[in-house]
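> Quick one, what's the 3D model for this:
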Amino acid sequence: MRPVALLLVGIALFVGVALMFGFKTYNNLVDTDESVVQAWADVESQYQRRSDLIPNLVNTVRGAANFEQETLEAVVSARAKATSVTLSADDLTDPGKMESFMAAQEGLSGALGRLMMITENYPELRATDSFRDLQAQLEGTENRIATSRRDYNDSVAGYNRSVRKFPASIVAGFTGFERKTPFEAQPGAENAPEVSFE
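Okay, the predicted model is just below:
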């Protein structure tokens, strides 16, 4: 073979191997991206479950005589705010949008926590089957939320490693794969909450 023909064959082989590597890397990035999207859908599903339980809880609690109306209104308001802040899978690369979503959800968690603390003052309410069932469902949902958030963060960590590692980072840069934002603790989460029954 002539040297020019050998050079052309060598270039063709190099380009072929590079293309195969690029396709494989792209497909791996798509797989990890879809894992993040699925994990995010699981998080949203659990938050929706919690949101769906709240009207029943509020109505059950409202039936208790002299229950603090202000607390119920805070829960309803926090639920409205939490459901108004939505985050699509496309927004997972935006830390600001993720922070707004987390803040709204944490506001609802705080309002629910205050509601549950205050119900301690109402033994007749805590004794009802419907309240106990709703409380158990909410506790289970909070556990599912924590698990879904952990699974989401695991998916994001794997995806972000894939996007940042060389040489996949080159393919990610050309094809628009950006780092995703994980859930992070809210500022002050390291401090124990102050509990007061006044």
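> wait, what's in contact with residue 154?
The contact partners of residue 154, by C-beta atoms under 8 Å, 6 or more residues apart in numbering, come to residue 39. Backbone N, C-alpha and C define where each C-beta goes, glycine included.
> cool, residue 82 as well?
Per C-beta under 8 Å, 6+ apart, neighbours of residue 82: 47, 51, 104, 105, 107, 108.
> hmm, try it at 7 Å
Residue 82 is in contact with 51, 104, 105, 107, 108, counting by C-beta atoms under 7 Å, 6 or more residues apart in numbering.
> In those, find the pair that's most separated.
Spatial extent of the contacts of residue 82 (C-beta to C-beta) is set by the pair 51 and 107 at 12.6 Å.
> By mean pLDDT, point me to the weakest helix or strand of the chain.
Every helix and strand in the chain was compared by mean pLDDT, DSSP states H and E; the lowest is helix 123-126, with a mean of 74.
> Show me which positions of the following helix or strand past that helix end up buried.
Toward the C-terminus, helix 123-126 is succeeded by helix 129-164 as the next helix or strand (DSSP states H and E). Across helix 129-164, burial judged by 16 or more other C-beta atoms under 10 Å covers 131, 134-135, 137-138, 141, 144-145, 148-149, 151-153, 155-156, 159-160, 162-163.
> Nearest to residue 37 among the contacts of residue 82?
Nearest to residue 37 among the contacts of residue 82 is residue 105, at 18.8 Å by C-beta to C-beta.
> Now do the helices in the protein.
Secondary structure of the chain, counting by DSSP state H: helices at 3-62, 69-84, 95-119, 123-126, 129-164, 168-175.
> Show me the one of those that comes nearest residue 184.
Here helix 95-119 is closest among these (C-beta to C-beta), at 7.4 Å.
> for that closest one, packing partners?
The contact analysis (3 or more C-beta pairs under 7 Å, 6 or more residues apart in numbering; DSSP states H and E) places helix 95-119 against helix 3-62, helix 69-84.
> quick one: low-confidence ranges for the chain?
1, 64-67, 185-198 (pLDDT under 70).
> now do 90
Residues of the chain that meet the criterion pLDDT under 90 lie in 1-27, 50-51, 53-77, 79, 81-95, 98-99, 102-103, 110-142, 165-176, 182-198.
> Next up, the contacts around the residue lying closest to residue 28 once chain neighbours are set aside.
Closest residue to residue 28 apart from its sequence neighbours, by C-beta to C-beta, 6 or more residues apart in numbering: residue 162 at 6.4 Å. Neighbour list for residue 162: 28, 29, 32, 168 [criterion: C-beta under 7 Å, 6+ apart].
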